[in-house]
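Asker: coords below, sequence missing:
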């Protein structure tokens, strides 16, 4: 006699695991299928292994960070927001804290702590886990789920949670197979782009500025149709371009534009929002204090030495020149560059360096109150496979937990 599970969960990331746990309450039979040899590979790498679980934003502020589609999350957050997540982990023996008052981590600052606690909880509530099981197809009849098929087995259930994640970090198993599975049953997938990743620049001077993190940098796109796109945060120059929190967040806006334009011009304010008048006044005051200083020393009162030197060169000024040796037009150019430094984004390393995927299953085809498909009964979606992505700071992991919990809870 064939075994019929109350729920089959495909994928063992944060969304899949919490869904399995939520559904396993009240002795529901749950099977978790994972194609890799072990569970939670991507979760292990989250936040550089420190596992930034969530943040302390109110639900309203949290949703606003996901843009115009953020309100889709309302029911999931109402059911399982950051307070509920912290309480859940406390109940299963994981202490958490927010050392900066915003981002929430396990006090161990190790994803291993999180994974072990989740594994123990799945064992406690009776989730059956099968690794090395790659799902090929969802089986259905008359728009109702009946099971799943792997390479050589069929598992039966009238309910499936698809939590396979996106395309980011293929070295950790991401293949986008969930998209093809969803497409086969009639779901539309929006265009997919890599997001939350470093960016490459056309300019090579950035390679000389790698030593420092620049705080409160404003980035804005210098394209007529996209002038409204901007972000503020910490930036780091690299050998081939830029990275840092502001870049990781802004990459989700840039990667689609790169596909369209091949190059994306940016303007960077590296001086914490100072305008030309403020910068000019600052430099004059510093020159009064030290009239015989090299210009690079004066500029270095605003920015690290390496960047100051490169900006001088861009203004066609010898960094070691004294103020009286510099022509007025070059001084004006330097002030312009200090106000808005042009930089051209020319590429990226694709999904292999992307922490998340922009795009996914069309939100219009999912019921936000249940996370169930509007096309086929018994099919649920959660986490990154859905067309919702947010910035750094625990947003995407909280969304995975919230959506996964909502999908699984309905069977408890």
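Answerer: Right, received. Where do you want to start? Just so it is clear, the model here is predicted, and its values are computed rather than measured. Numbering: from 1, shown residues only.

Asker: isn't residue 151 right up against residue 134?
Answerer: Yes - using CB atoms under 8 Å, residue 151 makes contact with residue 134 at a distance of 6.5 Å. Using the backbone N, CA and C atoms, a C-beta is placed for each residue, glycine as well.

Asker: For the chain, which segments count as helices?
Answerer: 14-24, 41-45, 59-64, 74-79, 82-91, 111-125, 177-184, 245-261, 276-289, 295-299, 305-314, 328-339, 395-409 (DSSP state H).

Asker: helices or strands next to the third one in the packing?
Answerer: So the one you mean is helix 59-64. helix 74-79 (3 or more CB pairs under 8 Å, 6 or more residues apart in numbering; DSSP states H and E).

Asker: buried residues in the helix it packs on?
Answerer: 75, 76, 77, 79 (16 or more other CB atoms under 10 Å).

Asker: Tabulate these (a markdown table), appending pLDDT and distance to residue 221.
Answerer: Formatted as a markdown table, the buried residues of helix 74-79 follow (pLDDT from 0 to 100; distance: CB to CB, whole Å):
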| residue | pLDDT | distance to residue 221 |
| --- | --- | --- |
| 75 | 98 | 33 |
| 76 | 98 | 31 |
| 77 | 98 | 30 |
| 79 | 97 | 37 |
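
Asker: want to throw these into JSON lines with distance to residue 210?
Answerer: Below are the buried residues of helix 74-79 laid out as JSON lines (distance: CB to CB, whole Å):
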{"residue": "75", "distance to residue 210": "45"}
{"residue": "76", "distance to residue 210": "40"}
{"residue": "77", "distance to residue 210": "39"}
{"residue": "79", "distance to residue 210": "44"}
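
Asker: measure the residue of the chain positioned farthest from its centre to residue 301 for me?
Answerer: In terms of distance from the mean C-alpha position of the chain, residue 324 ranks first, at 48.4 Å (CA atoms, centre = their mean). According to CB to CB, to the nearest Å, residue 324 and residue 301 sit 18 Å apart.

Asker: Over to residue 133?
Answerer: Counting by CB to CB, the gap from residue 133 to residue 301 is 61 Å.

Asker: repeat for residue 208
Answerer: Residue 208 is 19 Å from residue 301, by CB to CB.

Asker: show me the contacts for residue 140.
Answerer: By CB atoms under 8 Å, 6 or more residues apart in numbering, the contact set of residue 140 is 146, 185, 376, 378, 379.

Asker: didn't the fourth one look like it was pressed against residue 160?
Answerer: Yes - Residue 378 is within contact range of residue 160, at 6.4 Å (criterion: CB under 8 Å).

Asker: more neighbours, those two?
Answerer: Neighbour tally, residue 378 and residue 160, criterion other CB atoms under 10 Å: the higher count belongs to residue 160, 31 against 19.

Asker: Can you get me a residue count around residue 241?
Answerer: 24.

Asker: Likewise for the one 3 residues further on?
Answerer: Neighbours of residue 244 under the rule other CB under 10 Å: 20.

Asker: Confirm for me that it is in contact with residue 238.
Answerer: No - using CB under 8 Å, residue 244 is not in contact with residue 238; the gap is 9.1 Å.

Asker: just to revisit the earlier point, save the contacts of residue 140 as a markdown table, and put in pLDDT too.
Answerer: Putting the contacts of residue 140 into a markdown table (pLDDT from 0 to 100) gives the following:
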| residue | pLDDT |
| --- | --- |
| 146 | 97 |
| 185 | 96 |
| 376 | 96 |
| 378 | 96 |
| 379 | 97 |
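
Asker: Kindly write the PyMOL command that selects the buried subset of the residues you listed.
Answerer: Entered in PyMOL, the line below selects the buried ones among the contacts of residue 140, by 16+ other CB under 10 Å:
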select buried, resi 146+185+376+378+379
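
Asker: which of the contacts of residue 140 lies closest to residue 172?
Answerer: Using CB to CB, residue 379 is the member of these that sits closest to residue 172, with 24.8 Å.

Asker: That closest one against residue 373, yeah?
Answerer: Yes - look at residue 379 against residue 373 with CB under 8 Å: they come within range, at 4.1 Å.

Asker: shared neighbours, those two?
Answerer: What both residue 379 and residue 373 touch, as defined by CB under 8 Å, 6+ apart, is the set residue 185.

Asker: burial of residue 375, as a residue count?
Answerer: 14.

Asker: Now it: closest residue in space, sequence neighbours ignored.
Answerer: In space, and not counting its chain neighbours, residue 375 is closest to residue 186: 4.8 Å by CB to CB, 6 or more residues apart in numbering.

Asker: wait, isn't the one you found in contact with residue 376?
Answerer: Yes - shown here, residue 186 and residue 376 form a contact pair, counting by CB under 8 Å, at 6.9 Å.

Asker: State the distance spanning the first to the last residue of stretch 255-269.
Answerer: Distance between the boundary residues of stretch 255-269 (CA to CA, to the nearest Å) amounts to 21 Å.

Asker: got a pLDDT number for residue 168?
Answerer: With respect to pLDDT, residue 168 has a value of 87.

Asker: Return the distance of it relative to residue 197.
Answerer: 8 Å.

Asker: what touches both of those two?
Answerer: 354, 355.

Asker: average pLDDT for stretch 25-41?
Answerer: The model assigns stretch 25-41 a mean pLDDT of 93.

Asker: Neighbours of the spatially closest residue to residue 77 that is not a sequence neighbour, how many?
Answerer: Distances taken as CB to CB, 6+ apart place residue 59 nearest to residue 77, at 4.5 Å, with adjacent residues excluded. By other CB under 10 Å, the residues close to residue 59 number 17.

Asker: Understood, closing this out.
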